[in-house]
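1. Make a model of this:
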Amino acid sequence: MSRRLRSFSRAALLSVLTVAACGDDAPRPTDAPLQPKGTFQVRTFDGSEACAQLEAHIEDTAAAMLREKLESYARPVPVPAPVPVSAPAPAASDSSSGASTGSGTPAFSETNVRVPGVDEPDPVKTDGRRLYSLREDAGGLTLSTLALTPVPGMRVLGQARWARETTLPGMARPAAPESAQGLMLVAPDALVALSSGARTYPMPVVGPATDAASPAVLCVDSGCGPGGADWGPPRTRVRRFDVGADADPVEQWLLDLPGSLLAARRIGSRLYLVTQAALRLPAGVLHYPDIPVGGPSWGTPAWDAAVEATIAENERLIREASLGDWLADLRVIERVGGPSATARTLGGATITAQECARFARIDVATRLAWLRVSTIDLDTRSVASETLLANGQGVFMSERSLIVSTPYWRRGDEFGNPRNLTVMHRFGLGAAGEPAYEGSGEFAGRLINDYAIDESADGTIRIAATDWDGGAYSYVATFGAVGGRLERIGASERIAPGETLQSARFVGERAYLVTFRQIDPFFVYDLSDPSAPRRLGDLKLPGFSTYLHPVDADHLLGIGYDAGTSPRRLKATLFDVADPASPREAMSIALGDVYTGSDAIWDPHAFTFFRPPSATDEALVAVPVRSYGHDFFGTVSFSGIRVLRVAPADATTPLSIRGTLSMTDLLDESQRYDGWRRTDARRAVFIDDSIYGVSDGAVRAAGIGDPGVPLETVSIP
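-> Numbers count the residues shown, from 1 in each chain. Below is the predicted model of the structure:
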């Protein structure tokens, strides 16, 4: 990786966390969204003193963070911590789903992803011949391969299992137990399985003493130092399997990377991982004054002296920690040849100046955390990483760029009320596929998910956000790169004051939004002129949609609820936007009785869209649904796949239920709350004229002409 790339990558993504930027406090029209203004001071660690600068910054940040918290016990009003002052560091360098078909290949549905061509992990994948499933349970993680075609020959081909608490060489303590994150097909006979520790925010919490002899120490995760917790910090693992034979998958290699998984994307043979964790504080550091029960009273000189003594002791422990102690968890471990092979830690025991130069920071006080963007070549196992002393939350990726965002807040007035802001950074993907930093910017409010941010063909970034400045409202805004920053080009008026955004979708030059408070306003915005987003029309319906899927140029399908409070029914709505000034409801249908739910409400991967090759004017949609039997609510247990017919050209019935593939008889109520709800239907797959319902414990097939008649069922052990 070039030095220029390293500088740019470090410079941008680090601003991901808390940026003490100035907001726009000037009077503004009540219908105008907030436009924060600030400058990101990004610093890198370079030269022969890079490691000394890095260690000083970490220790300054840790000391300032704890000092601010402890000083709040000595003063009525918290005093902001001073900006950490590290050894001078040079500034960063300036920088000007549908079906798959083919000859001899069946038509089949693929994972519903945000951007075509950019794969995302999901626990169920298919190549049109086989199904691959990843699950977790009390016994560990299991990868299963099944033959799906022909339907009468459905069978389990093989399985690979591994424990959730796998310990590899170079770890002081076992990593936090792994959770299944999903699968990605990377070649006709190869896939990668992703798993990650569940402890996202390792940070010690030390409570006040309960008596003079035994302080109350609560380790919520792995930050209490050696011996202070059962598990070490979170790790993310990438396992590549050979699945070419009709036998058990064979592990080819494993890469163990630090941090919990924030996001993963794949383009071709390159896998992009965004991981993060907090740096562990030394053992003995306290977050509360070291004052025993019966000690001095709050506000007295003796109390303040005890606070200052705790601050001084914290700083002594922090300064005595070496850089190796701070960064001990950031090593990559490699294992080639399967579980019986010997793993090795990549990189030497001594941290070099070159490694320290791969870190960056912003020149303001930040949370003691790191975020890492890793690019993995799945053919060669090579890993290129950039580490940022910050933390992140959201990721959007296209074949041209990678955008990382995270929300933060700062005090907005003299009363300490927080102002909600979000920072984002864009990286262009060159011919080599490695991200190169292009600019950073910020906006007011929050993104509800990765579908609320998008990039047009000309590189304009579009966002839909909800803010709470002066009351809840939403808005649409556009951004472009100007002199190394992402500057706001234009913004809409405040949309639906008093309501929050529930779903967003950008299609071409339009934005479609759903907000909710008591009814479901559906908005259409024109973004053809980025400097002036313009409302074209709106529609009010009961309930709200949490996911919007484009069907064709004039129609979207929404999945959501028919009401805001229980009891409510799961519903699907077909929106007609042929006349954007007057969008209309083409049809809505209930997908279940009251108290019926679906993973598709919160996870778009559970939504399956398929156009059969023989169909020219209709599509099929599969949605897993479930309900649990309860005498009080009058409900019965059900699990299965609703199959919808979407035919906008049908003036009479543009949306209907084609049928239901029931898997209720496979339910095991004793496992209702166990892991992934092992017997609930999770996903659906279409292959030619068949549909397959998938749970952790079984696959059931039926014909798409009559989904209610099962043809074959295979149990997954």
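2. can we go C-alpha only for contacts and neighbour counts from here?
-> Will do.
3. for stretch 32-47, what is the average pLDDT?
-> Stretch 32-47 carries an average pLDDT of 66.
4. count of neighbours near I267?
-> Neighbouring residues of I267 were enumerated by other CA atoms under 10 Å; the total is 16.
5. And this protein, what are its domain boundaries?
-> The record's domain parsing of the chain by automatic domain parsing lists 1-18+43-82+156-396, 97-121+553-717.
6. can you tell me which of those domains comes nearest to S456?
-> domain 97-121+553-717 (11.7 Å; CA to CA).
7. Distance from the closest one to the middle of the chain?
-> Using CA atoms, centre = their mean, to the nearest Å, the mean C-alpha position of domain 97-121+553-717 is found 23 Å from that of the whole chain.
8. in the stretch 601-717 of the chain, which spans are strands?
-> 608-610, 619-627, 638-646, 655-662, 681-687, 690-695, 698-703, 706-715 (DSSP state E, counting those that start in this stretch).
9. Which elements pack onto the longest one?
-> Contacts of strand 706-715 with other secondary structure elements, assessed using 3 or more CA pairs under 8 Å, 6 or more residues apart in numbering; DSSP states H and E, are made with strand 655-662, strand 698-703.
10. Most tightly packed of the ones you listed?
-> strand 698-703 (a mean of 22; mean count of other CA atoms under 10 Å).
11. outside of that strand, which residues touch it?
-> 151, 661, 663, 666, 679, 689-694, 708-716 (CA atoms under 8 Å, 6 or more residues apart in numbering).
12. Now tabulate the helices and strands packed on strand 706-715 in a markdown table and tack on mean pLDDT.
-> Output for the helices and strands packed on strand 706-715, formatted as a markdown table (pLDDT from 0 to 100):
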| stretch | mean pLDDT |
| --- | --- |
| strand 655-662 | 96 |
| strand 698-703 | 97 |
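13. Dump those strands into JSON lines; add distance to D325 as well.
-> Shown next, in JSON lines, are these (distance: least, CA to CA, whole Å):
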{"stretch": "strand 655-662", "distance to D325": "54"}
{"stretch": "strand 698-703", "distance to D325": "47"}
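14. quick one: which of those strands is nearest P613?
-> strand 698-703 (14.9 Å).
15. by how many degrees do that closest one and strand 690-695 diverge?
-> Here the directions of strand 698-703 and strand 690-695 differ by 160 degrees (axes from the mean of the first three to the mean of the last three CA atoms, to 10 degrees).
16. Return the helix or strand hosting T236 as CSV; C-alpha atoms alone will do.
-> Here T236, judged by DSSP states H and E, is contained in strand 235-242. Below are the C-alpha coordinates for strand 235-242, written out as CSV (Å, rounded to 0.1, in the frame of the first residue of the first chain):
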residue,chain,number,x,y,z
ARG,A,235,-12.0,-10.9,17.5
THR,A,236,-13.4,-11.3,13.9
ARG,A,237,-12.6,-14.5,12.0
VAL,A,238,-12.6,-15.2,8.3
ARG,A,239,-12.6,-18.9,7.4
ARG,A,240,-12.3,-20.0,3.7
PHE,A,241,-13.7,-23.4,2.9
ASP,A,242,-13.5,-25.7,-0.1
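17. what's the offset of that strand from the middle of its chain?
-> The answer for strand 235-242 is 19 Å, by CA atoms, centre = their mean.
18. which other helices and strands contact it?
-> With contacts defined as 3+ CA pairs under 8 Å, 6+ apart, strand 235-242 has these neighbours: strand 190-197, strand 250-258, strand 260-267.
19. Can you add distance to L527 and give the domains of the chain back as TSV?
-> Shown next, in TSV, are those (distance: least, CA to CA, whole Å):
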stretch	distance to L527
domain 1-18+43-82+156-396	19
domain 97-121+553-717	13
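20. These: lowest mean pLDDT?
-> domain 1-18+43-82+156-396 has the lowest average pLDDT among those, namely a mean of 77.
21. chain center to it, what's the gap?
-> That offset, for domain 1-18+43-82+156-396, works out to 17 Å (CA atoms, centre = their mean).
22. all strands for the stretch 401-550 of the chain, in order.
-> 401-411, 418-429, 435-444, 453-455, 461-467, 473-482, 485-491, 500-507, 510-516, 519-526, 534-542, 544-552.
23. how about the first one as PDB, C-alpha atoms only?
-> This points to strand 401-411. Extracted in PDB, the C-alpha atoms of strand 401-411 (Å, rounded to 0.1, in the frame of the first residue of the first chain):
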ATOM      1  CA  SER A 401     -16.500   4.100  -3.200                       C
ATOM      2  CA  LEU A 402     -16.700   3.300   0.500                       C
ATOM      3  CA  ILE A 403     -18.400   5.600   2.900                       C
ATOM      4  CA  VAL A 404     -18.000   5.200   6.700                       C
ATOM      5  CA  SER A 405     -20.200   7.200   9.100                       C
ATOM      6  CA  THR A 406     -20.800   7.400  12.800                       C
ATOM      7  CA  PRO A 407     -23.100   9.500  15.000                       C
ATOM      8  CA  TYR A 408     -21.700  11.600  17.900                       C
ATOM      9  CA  TRP A 409     -23.000  14.400  20.100                       C
ATOM     10  CA  ARG A 410     -21.700  17.500  21.800                       C
ATOM     11  CA  ARG A 411     -23.300  20.000  24.100                       C
END
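24. Report the buried residues of it.
-> Across strand 401-411, burial judged by 16 or more other CA atoms under 10 Å covers 401-410.
25. what do you get for the fifth one?
-> Across strand 461-467, burial judged by 16+ other CA under 10 Å covers 461-467.
26. okay, the nearest residue to S440 once chain neighbours are set aside: pLDDT?
-> Closest residue to S440 apart from its sequence neighbours, by CA to CA, 6 or more residues apart in numbering: H425 at 4.3 Å. H425 is assigned a predicted lDDT (pLDDT) of 81.
27. again, but for the one 10 residues further on
-> Among the per-residue scores, P435 holds a pLDDT of 79.
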